[in-house]
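Trainee: Structure for this input, please:
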Amino acid sequence: MYAAVLSLGGLGLFFGLVLAYASQKFAVEVDPKVEAIDESLPGANCGACGYPGCGAFAEAVANGEAPIDGCTPGGENTAQTIADILGVSHEESEERYVAEVACLGGSEHCKEQFDYDGVQDCRAAMMYANGFKACDYGCLGLGTCEHICPFDAIEMQDNGIPHIDPEKCTGCNKCANTCPKDVIKMINANTKHHVRCNSCDKGKTVRQVCEVGCIGCGVCAKVCPVDAITIENNLAYIDSHECVNCGKCKEKCPRDCITSDLEYTTKA
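Mentor: Residues are numbered from 1 along each chain as shown. Presented below is the predicted three-dimensional model:
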């Protein structure tokens, strides 16, 4: 009895010593700068930096393989903290980008080509005839972006169009990369006016399926005093670097698909 106990105790002690030795012998030293950078990051592991997680990004920055301002969610404060850790200078960027849904065609404005009763995920719905919306470019409104946002910046509205809170949005780009319709765009937060449509169909087709879709008429481009608006592939585009936020395009748009930064909710 005692021999068995002593034998097991001896084995436990032996293996414990072996493990202790191995942990010291084969320990991987971590660069203190990497640890400091990792601790300064938001920890969302969103992948916006192009790396699989915050730890991988921290290591890449410390090794000079990634820019110090590569963490979009962290913003300028994180970039400056990293610069201080590495002992380098950093110039603050004047531009900030946030996500916006380029679609106003909710359930009350855009037709549906069939009733969808499948998995409530936009990516799944795309497997059936490119989605149930009559507009090939419109938001499906099943909330995939809301579920995937790591910062709770997206909330679905009653009409099926997501509302993105510009104050909570960090510009991580995760929702835009996930959207199967490519309807979520990254916009300059300093620009007030945006074309809230994603359709490249001709005007006649757009009129048939959606009440608020851009028809590429060019009225907005004609009234813009600084030539900040162009029509490409039947869709209006506003150059955020040229726009002076005069609001004339919004006033003249016959389809009411140009909104200002004060109109974060879609039309009811």
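Trainee: Tell me if I'm right that residue 139 and residue 164 touch.
Mentor: No. Residue 139 lies out of contact with residue 164 (C-beta atoms under 8 Å); the separation is 11.6 Å. (Glycine included, C-beta is placed from N, CA and C.)
Trainee: Now list whatever residues contact both of the two.
Mentor: Common contact partners of residue 139 and residue 164 (C-beta atoms under 8 Å, 6 or more residues apart in numbering): residue 101.
Trainee: the more surrounded of those two?
Mentor: residue 139 (26 against 19; other C-beta atoms under 10 Å).
Trainee: nearest spatial neighbour of that one, skipping sequence neighbours?
Mentor: residue 103 (4.1 Å; C-beta to C-beta, 6 or more residues apart in numbering).
Trainee: List the residues that contact the one you found.
Mentor: 137-139, 161, 183, 196-198.
Trainee: Can you tell me the centre-most residue of this structure?
Mentor: In the chain, the centroid-proximal residue (C-alpha atoms, centre = their mean) is residue 173; its distance is 2.4 Å.
Trainee: And the pLDDT at it?
Mentor: We have a pLDDT of 91 for residue 173.
Trainee: Also residue 16?
Mentor: Among the per-residue scores, residue 16 shows a pLDDT of 68.
Trainee: Wait, a strand at residue 186?
Mentor: Yes. Counting by DSSP: H, G, I helix; E, B strand; the rest coil, residue 186 is part of a strand.
Trainee: Quick check: the gap between it and residue 69.
Mentor: 15 Å (C-beta to C-beta, to the nearest Å).
Trainee: cool, and residue 86?
Mentor: Taking C-beta to C-beta, one finds residue 86 at 12 Å from residue 69.
Trainee: ok, now residue 120?
Mentor: Separation of residue 120 from residue 69 (C-beta to C-beta) stands at 37 Å.
Trainee: of those two, who's got more company?
Mentor: residue 69 (20 against 14).
Trainee: which one is that one nearest to, not counting chain neighbours?
Mentor: What sits nearest to residue 69 in space, not counting adjacent residues and going by C-beta to C-beta, 6+ apart, is residue 79, at 4.0 Å.
Trainee: check contacts around the one you found.
Mentor: 68-69, 71, 90, 92 are the contacts of residue 79 under C-beta under 8 Å, 6+ apart.
Trainee: same deal with residue 247?
Mentor: So residue 247 contacts 192-193, 260 (C-beta under 8 Å, 6+ apart).
Trainee: For it, give me the pLDDT.
Mentor: pLDDT, residue 247: 94.
Trainee: neighbours around residue 222, how many?
Mentor: 11.
Trainee: Would you agree it falls within a helix?
Mentor: Yes. Assessed with three-state DSSP, residue 222 lies in a helix.
Trainee: For the closest residue to residue 216 other than its chain neighbours, give me the pLDDT.
Mentor: Distances taken as C-beta to C-beta, 6+ apart place residue 234 nearest to residue 216, at 3.7 Å, with adjacent residues excluded. At residue 234, the model reports a pLDDT of 97.
Trainee: Could you do residue 95 as well?
Mentor: So residue 95 comes in at 79 (pLDDT).
Trainee: residues contacting it?
Mentor: Shown in contact with residue 95 (C-beta under 8 Å, 6+ apart): 188-190.
Trainee: re the thing from before, and the residue nearest to residue 216, what does it touch?
Mentor: With C-beta under 8 Å, 6+ apart, residue 234 has these contacts: 199-203, 206, 214-216.
Trainee: Sounds good, over and out.
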